[in-house]
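>>> Curious how this folds, go ahead:
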Amino acid sequence: MSTYERLAELRVEIESYSLEGLEQQYTPEFSRLTTVIHLAGGGEEGLGEDVVYEGLDHVSLQAAGPVLDLTGSHTMGSLGERLDGLDLFPDPPVREVSRLYRRWAFESAALDLALRQAGRSLGDVLGRPPRPLTYVVSMRLGGSGDEGPESADKVTRLLERYPGTRFKLDPTNTWSDELMAELAATGAVDSLDLKGHYRGTPVDVETDPELYRKVAETFPEAWIEDPDLSHPEAAAVLEPHRHRITWDAPIHSIADIEALPFQPRMVNIKPSRLGPLAELCSAYDFCEQEGIGAYGGGQSELSVGRDHIQYLAAVFHPETPNDTAPKEFNLPEPPDGLPQSPIDLPIAPTGFRFD
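Numbers count the residues shown, from 1 in each chain. Now for the predicted structure:
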């Protein structure tokens, strides 16, 4: 049976749902909004988190309230078909890709509810017990709108408090040779996200073949994520390093993986980027069949959404450089006492959740 076939026949009874708005101020300029979906039925509750980036889309959703007709007796498969015919946005989204993010929020909540009602856990139904989760801490080092100039201070301070931590870093066009050397000397950098497929966002990085060359040479063992290979010179610089190139932002379907310039050794599978549960499960199966490694990625989740991506990573790819660190690492100053990698996740006996 395929992964989705194992889940599609799960029954789920939905009686009502409600919306819970969350907000976290990360910097004076940036406040993250998300919405938790609460699905209720049969004396149980299922939770999912909408991680759409644009705050206006959350304001619109929460103001409209629970207006979708989701009530009734479904299977996960038939509920997916019902969602295919519904517009989950009371107003058109700021970005069209946000439709996938919201779809995942509702389907992950439904999966949690279905498993709770069945008295089973996700790992049990899939026949894949979760294993200890390896994670990396993802960060940008400053500058480009952040407070203070770019430096290695954030990395070195965190290593002092949490020795052994591994990192996924976002090089920018202003990284100096000295900064790269200092970061490389830590031996703690597992991957570098070149942001080569972002356009019109606060995290855009201009395609610079010289930056690409320095990153590849200074960090010879690190994964190189999302380079812009449409630039001939940049593609030529990275040709000797293509075995280390991995992809994130372009991946919304199996077709996107097949359309890459070459078959990668590794891709970032973000559940919210895939959207429907059927698409996510098919992507996991495809990568396994094709011998493509996978790692998970986060989207600044504030609540149960982070639990979900950790759970999935622990089931499908626990030992890769998963960008699924505890969400508190996203805070300007992470607290003490966070679980260090690898984590034995507190998997609940039923549902798609932690105890």
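>>> who's in contact with stretch 347-355?
Stretch 347-355 is contacted from outside by 46-47, 108, 111-113, 115-116, 118-123, 130, 304, 307-308, 311, 314, 345-346, using CB atoms under 8 Å, 6 or more residues apart in numbering. For every residue, glycine as well, the C-beta is placed using N, CA and C.
>>> Of those, just the buried ones, ChimeraX syntax please.
Under the burial definition 16 or more other CB atoms under 10 Å, those of these that qualify are selected in ChimeraX by:
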select :46,47,108,111,112,113,115,116,118,121,122,123,130,304,307,308,311,314,345
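>>> Restricted to helices, list the contacts of stretch 347-355.
108, 111-113, 115-116, 118, 122-123, 304, 307-308, 311, 314 (DSSP state H).
>>> TSV please, covering the residues you listed and showing pLDDT and distance to Val51.
Converted to TSV, these look like this (pLDDT from 0 to 100; distance: CB to CB, whole Å):
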residue	pLDDT	distance to Val51
Ser108	98	10
Leu111	98	16
Asp112	98	16
Leu113	98	19
Leu115	98	21
Arg116	98	22
Ala118	98	26
Leu122	98	19
Gly123	96	23
Val304	98	11
Asp307	98	13
His308	98	10
Tyr311	98	15
Ala314	98	19
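>>> Go through those and say which is closest to Leu10.
Distance to Leu10, by CB to CB, is smallest for Ala118 among the ones in helices among the contacts of stretch 347-355, at 6.1 Å.
>>> so that closest one sits right up against Arg11, yeah?
Yes. Here Ala118 lies in contact with Arg11, judged by CB atoms under 8 Å, at a distance of 7.2 Å.
>>> end to end, how far does stretch 252-260 reach?
Using CA to CA, to the nearest Å, the end-to-end distance of stretch 252-260 comes to 12 Å.
>>> Could you list the buried residues of it?
Of the residues in stretch 252-260, 252-254, 256-257, 260 count as buried by neighbour count, 16+ other CB under 10 Å.
>>> Among those, which one lies nearest to Ala216?
Lowest distance from Ala216 to the buried residues of stretch 252-260 (CB to CB) belongs to Leu260, with 18.2 Å.
>>> who's in contact with the closest one?
By CB under 8 Å, 6+ apart, the neighbours of Leu260 are 247, 250.
>>> Local confidence estimate at it?
In this prediction, Leu260 carries a pLDDT score of 96.
>>> The one 10 residues further on now?
In this prediction, Lys270 carries a pLDDT score of 96.
>>> got a list of what Ile251 touches?
Residues in contact with Ile251, defined by CB under 8 Å, 6+ apart, are 257, 267-270, 273-274, 283.
>>> Could you rerun that using 10 Å?
197, 226, 257, 259-260, 264, 267-270, 273-274, 283, 294, 297 (CB atoms under 10 Å, 6 or more residues apart in numbering).
>>> And these, which two are furthest apart?
Distance extremes for the contacts of Ile251: the farthest pair is Ala259 and Gly297 at 19.0 Å, using CB to CB.
>>> returning to that earlier point: from the ones in helices among the contacts of stretch 347-355, which is closest to Glu23?
Set against Glu23, the nearest of the ones in helices among the contacts of stretch 347-355 by CB to CB is Val304 (15.6 Å).
>>> measure the nearest residue to the closest one once chain neighbours are set aside to His308 for me?
Among residues not flanking Val304 along the chain, Leu47 sits closest, at 4.5 Å (CB to CB, 6 or more residues apart in numbering). Counting by CB to CB, to the nearest Å, the gap from Leu47 to His308 is 9 Å.
>>> anything in contact with each of those two?
Joint contacts of Leu47 and His308 (CB under 10 Å, 6+ apart) are 105, 108-109, 112, 352-353.
>>> is it possible to export these to JSON lines including distance to Arg244?
Converted to JSON lines, the shared contacts of Leu47 and His308 look like this (distance: CB to CB, whole Å):
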{"residue": "Ala105", "distance to Arg244": "33"}
{"residue": "Ser108", "distance to Arg244": "31"}
{"residue": "Ala109", "distance to Arg244": "37"}
{"residue": "Asp112", "distance to Arg244": "36"}
{"residue": "Phe352", "distance to Arg244": "33"}
{"residue": "Arg353", "distance to Arg244": "35"}
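>>> any weak-confidence spans in the stretch 201-350 of the chain?
Judged by pLDDT under 70, the stretch 201-350 of the chain has its weakly predicted residues at 201-202.
>>> Show me where it has its helices.
Secondary structure of the stretch 201-350 of the chain, counting by DSSP state H, counting those that start in this stretch: helices at 209-218, 232-238, 254-258, 271-274, 277-290, 304-316.
>>> got the CA positions of the second one in CSV?
As requested, the backbone C-alpha atoms of helix 232-238 are provided in CSV (Å, rounded to 0.1, in the frame of the first residue of the first chain):
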residue,chain,number,x,y,z
PRO,A,232,25.0,30.6,-16.6
GLU,A,233,28.0,31.7,-14.7
ALA,A,234,26.5,30.7,-11.3
ALA,A,235,25.6,27.3,-12.8
ALA,A,236,29.2,26.8,-14.0
VAL,A,237,30.6,27.7,-10.6
LEU,A,238,28.5,25.1,-8.9
